[in-house]
Every structure is written in structure tokens, then in C-alpha cells.
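Novice: Kindly return the folded structure for what I paste below:
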Amino acid sequence: MAKNKIPNTVFFSIPDRIREQAKVRPTRAALVQGEHVESYGDLDLKMDKIAGALQRDGLHAQDVVAICAFSSISYIEVFCGALRAGVVAAPLPPSATPESLVGMIEDCGAQLLFIDHAMAEHLAPLRNQIAAKWVSLDETDQCISASQWSADALASAPVAIKPDWTFDIIYSSGTTGAPKGIVQPHVMRTRPAPDGEPYGYGPEATALISTGLYSNTTLVSLFYALGSGSTVVLMTKFDARMFLELAVRHRVTHAMLVPVQYTRIMALPDFDSFDLSAFKMKFCTSAPFSAALKADVLKRWPGGLTEGYGMTEGGGSTVLFAHETPDKLHTVGKPWPWCEIRLIDDQGREVKPGEVGEIVGTSVSMMKGYHNQPGKTAEATWHDETGRPFIRNGDVGRFDEDGFLILMDRKKDLIISGGFNVYPSDLEAKLFEHEAVSDAAVVGVPSRQWGETPVAFVVLKAGNTIAAEVLRTQINAQLGKTQRISSILILDALPRSHIGKVLKRELRDRYCESIQG
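Specialist: Have a look, this model is predicted:
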């Protein structure tokens, strides 16, 4: 078990932090995208305008708006403006299927849906199923633009944000069915000062954001930067070479990347020709980060390297300052000072020091629960002997003799592809819906491009002869971009245990042997 003291902290909301930056340094660049630069003073005014428009339209504190769009300055203005009004933001993944997005919008109860042109086209066939009013973040003839919508709005009436109010609802994945909405309170986004000091954020820093704004990983980095007066440079879509070119152009000091992005950047033949000397700190989270890749980044990329391990749900989180402990690159570091992590067995009992167990954690940074899913919330919670709630990470691991956490196999069969969670059961459900499929199982296999990728094993119904590639094409057309199956193998039968459980490890090993042979 790793127990740390959870500190007391004075609550200071994100909207208040941005307003303070606007007062102290109004002309400092807050947001940069292409040639568009927005100062802290202008961002603060836009937030007031948007908050006022929400209030004018009858939204009250803790009502919900949804945002489904690619990264833009307008996206951040709306997100932060909603927060200033005490309104909850639900950022939705553009890669999800229209059906999944409709389900998320209905689940969160959004009264307004902010979209861009691409997503307006994506959702157009199902528009009659969406009750929320549409507002465009860019120019589209499908709905009113955000600038028109907020044009006549007065400055917002002051709202005293409470620490336990909901900040946002982040959906666990853009999958088929009903993804879980993770409800995060404001206090979860305003953790104590020790966060910022080792990272080096501040008025002289510039952070490059290259992942989607619907991701918890992105939002952590974004709000650290804005709350400390840093400049944020936005990428609409990640490209390894463009990332490096922007880093050089803007003298970037901070960046949060997922492992597959590091892999693509480091693989560029001319990586070493880019001047990255301005970097102070790089971050990585969301997926397994190999020790070899960490070592390569440390060797060739100036500045520190920090790996974070945890969940969007919060609870137990660890941090590895790789540049300070290069002999611990096989670990994910130690628990943060305000986190307590324990390891438990299948019966919910704490394991002995050095033993492997399921990871559970508690802290000041915890979700309020899964939106509208109390049963799922209960399943994700473990209570200690005093009744304190701990969130189950779904992984197993052990602590070494120095208190560093070593991750083992994932407890569940979650696939992390390109930094995004892909649930095999969702893909299997789609396969079972197909008229040709009798039995199916999906596993994650190693991928140089994505870290991990889904592979399906299928048993066809008697007399059916559909080709694997035809089946894959048909199924992928019904899935989100991050879910798509990379390969389908047709078998006579799936291997099962004596109690009928599919032996997924055997399937994974069989696939790896087949591609090696």
C-alpha cells in the first residue's frame, strides 16, 4: 500500500484563474492557432460574452452544453465560457459514430450542442433525434454561428462556483451502445500547487496541444497552462513533422503526447535536425509507454520527461519523473502526494508488500460517478475498512522496494489504440449482429503504428462463406475511427476453458505466431 497525506487546499476555479491572468497580463497570448492569436484579455471577454449568452437563453448553473468539434480557439472559448456561468461542458469525441454521439447528447441532457462544419455534416442524418439547439463554432449553413448567437449578449451575471459542482462530463469512449459519462467536479480540475512547480508552467511557458479537446489527457495540460498564464498553441490534427515545425517556430516549452505520437516523432529520419532546446518538460499518459521509448526520448529530446498513470475517473495516480530516475523507466513512478493507492486481491483484501494486486486509489481528485449509471459507479468502487471509497483502475501491478509502481497485465481486456480506449465487447457485439457470424472474440495485439490494435476471431454460421476482408469492411463501417478492426481471422471454433470462457491469451499468441511465421 502507498499512503500519502492528502493536503488541504484553497479552491480557486479555472474561470477565476483565467480572469486573474487577464488582469495581470491582458496582452499576453493565451491561445494561438495558425495565424490567429488571442490574448488573455480577449479570452476573458469572450468567456463573459458566452456565459452571458447562456444565461440569456435560460441556462442555469449545472445545466449542460455539449461540444463536438475538432480543436479550435472557439472550442476553448465556449468550454471556458460555460464554466464561468457554472454550466457543465460535455466534450464529445468527433471519431464516434453518429448513433453513439446521439446517445451521449441524450444521456448528458445537453440543451445546446456546439459543433463545427465537419461534425454538422457527420450528424446531419440524425439531426431529428437531437433535441439540443445547434450552434456552429465555424461557418456552416446548418445552424447559427457562435458569433451571431452571442452577439447581443450582455456580460454574464457573477456565479460563485462551488468545489463540488460538476465541471465536465467526459465519455469513456466513442463506442457503440452507451458509453459511460465520467462526471468530474470542479475541485478535480483545481488540484494543489505542488502540481505546477515541478512542471515549470508559467507566464514564460508555451504549451503545444496536439490531442483532442474531448480527452481528459488534453484538458489536464490545457488548464495547467491557462491557469498559470502560459501560451497554448493548438494543432487541429496531429502530424509528427508539423508538431516539430510548430515546436521550433513557437519555441515550445511543454507538450503532452501519447506513446504512439512519441513513436511517430522519434521515427522521423531528420528528428535530430530540429531545434527543440526550448523544451522544459514533456508529458506522456493514456497508454503503456515502453522503457525503450522513454530512454530514446530522454537521450535525444531536450528537457524533462514525465509519465503520468491514472484514470479519467481519478482516484489513484502516479508520476514518473523519468529524467530524475532513469533506472526506473520500467515503472510508472510513485503515487502523487495527495493520492493513496492500494493493491487488492480478487476477494477485495489488501495484498502483502511486493505482491501483485488490482490497483485501487483514492484522492481529492475523484469523479462524482458515472452519469445516470449508479450500478456502474458501484462496480468501479472499492471501500476500505473505514468505508472510504477507492476507484478501481482495472489494472494489476506491484510496488517495488522503492515504492515505484510496476504495471502488469490489465485486469480487463481493454485495448488502448493510439491513446484511446477500445472495448472488445463493443466490437464483439457488432460482430454478433452480423447475419454471417456465429461466434466472435476480439483481442488487442501489438501495433507499431498504434501501440495496440483490435483483431477479431470469428466463427461463421454453417454454410456461410463470407470473406474475412468483406466482413471487416462491413463491420468497420459501423464503428468509430478509433475502434476499427485491423484484421479478422476466421476459425472453425474459438478456444475455451472448461467453464466456457474464451481463451483470449491463446488467440493473441496464435495471431502473433502467425504474423511472425
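Novice: who touches the residue nearest to residue 140 when sequence neighbours are not counted in this structure?
Specialist: Among residues not flanking residue 140 along the chain, residue 117 sits closest, at 4.3 Å (CB to CB, 6 or more residues apart in numbering). C-beta coordinates here come from the backbone N, C-alpha and C atoms, glycine included. The neighbours of residue 117, taking CB atoms under 8 Å, 6 or more residues apart in numbering as the test, are 136, 138-140, 142.
Novice: Next, residue 360: secondary structure please.
Specialist: Three-state call for residue 360 (DSSP: H, G, I helix; E, B strand; the rest coil): strand.
Novice: cool, residue 292 as well?
Specialist: From three-state DSSP, the assignment for residue 292 is helix.
Novice: quick one on the thing from earlier: the residue nearest to residue 140 and residue 145: what is the separation?
Specialist: To residue 145, residue 117 is 10 Å away according to CB to CB, to the nearest Å.
Novice: okay, which residue is most central for this structure?
Specialist: The structure's the chain has its C-alpha centroid closest to residue 215; by CA atoms, centre = their mean the separation is 3.1 Å.
Novice: ok, back up a step: looking at the contacts of residue 117, which is nearest residue 153?
Specialist: Closest to residue 153 out of these is residue 136 (16.2 Å), distances taken as CB to CB.
Novice: tally of neighbours for the closest residue to residue 389 other than its chain neighbours?
Specialist: Counting by CB to CB, 6+ apart, the nearest residue to residue 389 once its immediate chain neighbours are dropped is residue 381, at 5.1 Å. The tally of other residues near residue 381 (other CB atoms under 10 Å) stands at 17.
Novice: Kindly report the same for the one 5 residues further on.
Specialist: Neighbouring residues of residue 386 were enumerated by other CB under 10 Å; the total is 5.
Novice: Okay, and it sits in which element?
Specialist: Following DSSP states H and E, there is no helix or strand that holds residue 386.
Novice: Return the distance of residue 269 relative to residue 286.
Specialist: With CB to CB as the criterion, residue 269 and residue 286 are 26 Å apart.
Novice: and residue 311, what element?
Specialist: Residue 311 is part of no helix or strand, with elements assigned from DSSP H and E.
Novice: returning to what we had before: may I see the PyMOL selection of the buried members of the contacts of residue 117?
Specialist: Applying 16 or more other CB atoms under 10 Å to the contacts of residue 117, the buried members can be selected in PyMOL as follows:
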select buried, resi 136+138+140
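Novice: tell me which of the contacts of residue 117 is nearest to residue 25?
Specialist: Comparing the contacts of residue 117 against residue 25 with CB to CB places residue 138 closest, at 28.3 Å.
Novice: before we move on, back to that, who touches the residue nearest to the centre of the chain in this structure?
Specialist: By CB under 8 Å, 6+ apart, the neighbours of residue 215 are 170, 286, 419.
Novice: Would you map out the domains in this protein?
Specialist: 334-410, 417-516 (automatic domain parsing).
Novice: And the ones you listed: which comes nearest residue 244?
Specialist: From these, taking CB to CB, the stretch that ends up closest is domain 417-516, at 18.4 Å.
Novice: Residue 260 - how many residues pack around it?
Specialist: 23.
Novice: any idea how far residue 453 is from it?
Specialist: 10 Å.
Novice: which neighbours do residue 117 and residue 145 share?
Specialist: Residues touching both residue 117 and residue 145 (CB under 8 Å, 6+ apart): 136, 138-139.
Novice: okay if I get these as a markdown table plus distance to residue 163 and secondary structure?
Specialist: Shown next, in a markdown table, are the shared contacts of residue 117 and residue 145 (distance: CB to CB, whole Å; DSSP: H, G, I helix; E, B strand; the rest coil):
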| residue | distance to residue 163 | secondary structure |
| --- | --- | --- |
| 136 | 33 | strand |
| 138 | 34 | coil |
| 139 | 38 | coil |
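Novice: of these, closest to residue 336?
Specialist: The nearest member of the shared contacts of residue 117 and residue 145 to residue 336, counting by CB to CB, is residue 138 at 38.3 Å.
Novice: Now the closest one: closest residue in space that isn't a chain neighbour?
Specialist: Distances taken as CB to CB, 6+ apart place residue 116 nearest to residue 138, at 4.9 Å, with adjacent residues excluded.
Novice: Residue 95 now?
Specialist: residue 481 (4.1 Å).
Novice: Check which residues of whichever strand or helix holds residue 427 are buried.
Specialist: In this assignment (DSSP H and E), residue 427 forms part of helix 424-433. Within helix 424-433, the residues that qualify as buried are 424, 426-428, 430-431, counting by 16+ other CB under 10 Å.
Novice: Over to stretch 316-333?
Specialist: Buried, per 16+ other CB under 10 Å, within stretch 316-333: 316-322, 328-329, 331-333.
Novice: Just name the closest of the residues you listed to residue 56, please.
Specialist: For those, the nearest to residue 56 is residue 317 (39.1 Å; CB to CB).
Novice: Next one: the closest one relative to residue 144, how far apart?
Specialist: According to CB to CB, residue 317 and residue 144 sit 41 Å apart.
Novice: Distance of the residue nearest to residue 140 relative to residue 19?
Specialist: Separation of residue 117 from residue 19 (CB to CB): 31 Å.
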